[in-house]
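Asks: okay, sequence plus prediction incoming.
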Amino acid sequence: MAPPRPDRSGRPAVPASRRAALFAADRTGPPEGLVAHILEFGEELRGEGVAVGTSELLDAFAALPQVPWEEQSIFRETLATTLAKSPDDRRTFDLVFDRFFFRASELAAVEEGVDEGAMAAGREGSPDEVDLDDLRRQIAAMIDAGDDDALRDLARLAIFAFGQQGEGSGVVGVDVQRIRRRLELRTDPQPEFPPEDPRHGGLPRAGLRRFEQVLRQELERRQIARTGALPPARPLSDLSRALPSGPLADLANVHRVVAQLKRRLKTQGLEQRGSRRHAHVDVRRTMRASLETGGVPVVLKYRPLRPRRPELFVLCDVSTSVTSASVFFLSVLHALHDSFRRMRSFVFIERISEVTEILQRERDFKAASAAIGRDAGVADITGYTDYGRVWREFLEQVEDELQPRSTVIVLGDARTNGRDPAVDVFAQIAARAGRTYWLNPEPRLYWNYGDSVIGAYAPYCETFECWTTAQLEEFVKALTAPHAMKR
Amino acid sequence: MAAELASAQDVAQGLRDVGYLADDATALVAYLAAQLGKPILVEGPAGVGKTQLAKSLAQATGRTLVRLQCYEGLDEAKALYEWNYRKQLLRIQAEADGTGWDDVQDDIFGPEFLLERPLLRAIASPEPVVLLIDEIDKTDQEFEAMLLELLSDFQITIPEMGRIEASSMPLVLLTSNNSRELTEALKRRCLYLWLDYPELEHELAIVRLQVPGLGEQVARRLVEVVAMVRELDLKKPPSIAESIDWARALLLLGVQDIDEQIFRETMSVIVKHRTDLDLVAERVGVKLSSAQEAPGGAPAA
């Protein structure tokens, strides 16, 4: 929904000279300089791992003349829709966009010697003339309406109003908070205002954060204008690139990936059968259908394809050496249970214990993991993993059920604590099961160091490094890759 | 037709007139798609109005909506075209003896024996249409590859007849629930639009537009509760359509405020899994009852 454009005439105008310096062109299309900037921007996006092709850039150039791109939000959205094609890419795009165009426009301003502060002061007289109460009211209204362009102008005005009273601390973060306090912007309700004022019920937190962001940018801009130089560019860190998430979102992510896994396991094999797929003609139904066409079997009827039901056996290590990963593994196990009916799960340390029932009973992840911790009783004496014993017990328990259609997934670090790895028993399991996967929570670098014997098991299964949802997704992707089909 | 869509604001207004509140980005992308003749790939969680966007665009522009629902195993015969074998056969049988093979061949591979499926229908239509390819992520990669010719050049090649080019430029929307990564080749040909659950104010506006009879206060409370429910780890978070359903239900019941009891009685409208019901009743129900006490207690004190 487009919020009605606020009437800007009631507000003191703020010069947009900086924007003009960059976008000095008519409406017909992006000017030469901007084309170069966008190409550079595309290059920078590539540097951050977004796959921007030439065709995407051409699309962007084709799209820009169609819209009033001088407006920043439209410019941004137009580039985003043509360049960034997944939620992750979009996130990176936003970060790079802010960084890139901020720096580009600052550089242009420094080169051309534009100093907005001085110009603003010249045009509008002294800061005392700004009506502070009016400014507060307007900013609150714009935060509520979520109008970025207006916020940006107002932020400049606020800096102008507060910044020249000898209070600038020189540290951007401090100044942001100081100005916000002076503007009396709060998220809690302020009943002293009339009900139609957004501050009456408290300002939206997201909007306020956005305003702080804008304010910070503007302050940085002032700093650059003062010193006449850009601070060095920093590449995005993984932390800021990742989508904001909490433990709940992580759990939801695991669920999402497991839902994909389910689809993959189900449909896999269909494409492999390929030519065999149509081999089973249902003679009876074909004959019956041929009656319609005078006995000529024009339409062949096939036996319906029975989709294979995946049967899962999941073994999950819960010993101390994988403590950090076991919450993740348990959530994978939990999510798997939500998706698969024919599945048996086991946890193990020294010996194994079936937890299928617990997981079926407990919907809540916390309750399930607590119940597993309480009832499983997998640590016998020492509390160290004994893989050899685990394989033997596992084989004993499920020997009759393992068949070429079943998939065995092991979640563990393959650290045997010096005990017998019983590779031959594992090989038996792998030979009986159709597919065997090993997800190791350790970075590949540490594999086979110390007491890790993953190398000994590797010939019998496919091994994956897996301790984040992203890697779990990699695993799911690898499942469909052609080489995974060779068995 | 395209004259109506002279700017992104026009698109937003047109969509609003048919009851779809689009945010700025959506209107902009729809406008660009119409101007550039590029398909839109719409992604987002289930129930945020991806399919509805296509329907509303069709309604707003007065075009026909041609819809192709994708599913696993969808093939060309169901999506593009198929020869009407039976009719061809009858044609051959009805042929008098002595007609040359060439005559028959020219005859039976004509438009008369062609069964149009959605994609061909969208291309061949004399009037411009809105083509909706729904849940593209449900199909196989092979099908995606087949779409490429259609999406970049708006043409379909039928071996017996030659190339069929679009006589009018269709507006193409592809939707995906992100259950599978789509190929780069497909993405490259599309404009990308990510639709997420709307922000509180936006959803409030949607609910008030769709259910005008509902009181302002109840509507606000409703979207707040729905936002709260979406925060939880549910099998199926409530969609916008379900918020609207819930609003209608509350209107029917003549509810003035959503308290814990009303919520427990009516939450089955927005939560559809038994396990989810338990979770929501526990988390949100409790919050509602405590929130109920707070404003009630303050004036008394």
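Replies: The structure has been received and is ready for your questions.
Asks: all strands for the chain, in order.
Replies: This is for chain A. Using DSSP state E, the strands found in chain A span residues A:311-317, A:343-348, A:352-354, A:406-411, A:435-440, A:462-465.
Asks: not what I meant, chain B
Replies: Counting by DSSP E, one finds strands in chain B at the ranges B:40-43, B:64-69, B:81-83, B:114-116, B:129-134, B:155-158, B:162-165, B:171-176, B:191-194.
Asks: so which of the ones you listed comes closest to chain A?
Replies: When the strands of chain B are ranked by distance to chain A, counting by C-beta to the nearest C-beta, first place goes to strand B:191-194 at 4.2 Å. Yep, even glycine has a C-beta here, placed from its N, CA and C like the rest.
Asks: does that closest one come close to chain A?
Replies: Yes. Using C-beta under 8 Å from any C-beta of the partner chain, strand B:191-194 reaches chain A at B:Leu191, B:Tyr192, B:Leu193, B:Trp194.
Asks: A:Arg415 and A:Ser452 touch, don't they?
Replies: Yes. Counting by C-beta atoms under 8 Å, A:Arg415 does reach A:Ser452; the two are 5.2 Å apart.
Asks: ok, the two, which is more surrounded?
Replies: Residue environment comparison for A:Arg415 versus A:Ser452 gives the larger neighbour count to A:Arg415, 23 against 17, counting by other C-beta atoms under 10 Å in any protein chain shown.
Asks: ok, now how distant is that one from A:Gln397?
Replies: Distance check for A:Arg415 against A:Gln397: by C-beta to C-beta, to the nearest Å, it reads 23 Å.
Asks: kindly report the same for A:Leu83.
Replies: The separation that A:Leu83 has from A:Gln397, given C-beta to C-beta, amounts to 53 Å.
Asks: now do B:Gln93
Replies: B:Gln93 sits at a distance of 65 Å from A:Gln397 (criterion: C-beta to C-beta).
Asks: what does the stretch 201-301 of chain B have sitting close to chain A?
Replies: Near chain A, when you scan the stretch 201-301 of chain B using C-beta under 8 Å from any C-beta, you find B:Glu201, B:His202, B:Ala205, B:Ile206, B:Glu231, B:Leu232, B:Asp233, B:Lys235, B:Thr275, B:Asp278, B:Leu279.
Asks: how about 6 Å then?
Replies: Proximity of the stretch 201-301 of chain B to chain A is confined to B:His202, B:Ala205, B:Asp233, B:Thr275 under the rule C-beta under 6 Å from any C-beta of the partner chain.
Asks: return the item of the residues you listed having minimum pLDDT.
Replies: pLDDT across those is at its lowest for B:Asp233, which sits at 71.
Asks: check contacts around A:Arg46.
Replies: With C-beta atoms under 6 Å, 6 or more residues apart in numbering or on different chains as the criterion, the residues that contact A:Arg46 are A:Val52.
Asks: quick check: end-to-end length of stretch B:112-129?
Replies: 22 Å (C-alpha to C-alpha, to the nearest Å).
Asks: and it, which residues are buried?
Replies: B:113-114, B:117-125, B:128-129 (16 or more other C-beta atoms under 10 Å in any protein chain shown).
Asks: now render the residues you listed as a markdown table, adding distance to chain A.
Replies: What follows is the buried residues of stretch B:112-129, written out as a markdown table (distance: C-beta to the nearest C-beta, whole Å):
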| residue | distance to chain A |
| --- | --- |
| B:Phe113 | 13 |
| B:Leu114 | 16 |
| B:Arg117 | 17 |
| B:Pro118 | 21 |
| B:Leu119 | 22 |
| B:Leu120 | 21 |
| B:Arg121 | 22 |
| B:Ala122 | 22 |
| B:Ile123 | 22 |
| B:Ala124 | 25 |
| B:Ser125 | 25 |
| B:Pro128 | 18 |
| B:Val129 | 22 |
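Asks: pLDDT added to those, as a markdown table?
Replies: Compiled in a markdown table, the buried residues of stretch B:112-129 are given as follows (pLDDT from 0 to 100):
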| residue | pLDDT |
| --- | --- |
| B:Phe113 | 87 |
| B:Leu114 | 87 |
| B:Arg117 | 89 |
| B:Pro118 | 89 |
| B:Leu119 | 89 |
| B:Leu120 | 88 |
| B:Arg121 | 88 |
| B:Ala122 | 89 |
| B:Ile123 | 87 |
| B:Ala124 | 86 |
| B:Ser125 | 87 |
| B:Pro128 | 89 |
| B:Val129 | 91 |
